[in-house]
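Student: just coords:
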């Protein structure tokens, strides 16, 4: 591992812990050159899943791209990065459970929106506005009204 501080290549592992239910390992390391400590995470490299976009293009599923979209939707909202990472973990679990190696962006987006709706309504509307490509204020207003109706029904 390369030290993020001095770029030395020699380190020692001083602590190892299983995280996320055993899906990854957290290692605390100490650089032998500068003596500073840093943390690394190790996980099984997932199978390559393809996402079928609305226009028919196919691209590799990107955990980081999904997390970046969620972070943007949750900006200045009381939602922790840990909660968002757990949501992305759930999406990856869904992908692994699927026998198909390709899923539509629509199925992934709908799943994410259903989880986000429960987590934070403002973040949900922000995400939906990008995902569903709201073209005007009326579309935005309809989504908010649907959200309010669902809340009154106890969804």
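Tutor: That came in fine, so what should we check first? Computed from a predicted model, the values in this text were never measured in an experiment. Numbers count the residues shown, from 1 in each chain.

Student: how close does residue 4 get to residue 81?
Tutor: 19 Å (C-beta to C-beta, to the nearest Å). For glycine as for every other residue, the C-beta is placed from the backbone atoms N, C-alpha and C.

Student: typed the wrong thing, it's residue 32
Tutor: Residue 32 is 31 Å from residue 81, by C-beta to C-beta.

Student: a strand runs through residue 39, doesn't it?
Tutor: Yes - counting by DSSP: H, G, I helix; E, B strand; the rest coil, residue 39 is found in a strand.

Student: burial measure for it, as a count.
Tutor: Per other C-beta atoms under 10 Å, the neighbour tally for residue 39 reads 10.

Student: same check, this time on the one 5 residues further on
Tutor: Here the neighbour count serves as a burial measure; for residue 44 (other C-beta under 10 Å) it reads 8.

Student: ok, it - contacts?
Tutor: residue 23 (C-beta atoms under 8 Å, 6 or more residues apart in numbering).

Student: Start at 30, not 1
Tutor: Taking 30 as the first residue, the last one we looked at is residue 73.

Student: Could you check which helix or strand contains residue 41?
Tutor: For residue 41, the element it lies in under DSSP states H and E is strand 40-48.

Student: Check which strands are paired with that strand and give the direction for each one.
Tutor: Strand 40-48 has the following sheet partners, assigned by DSSP bridges: strand 53-60 (antiparallel).
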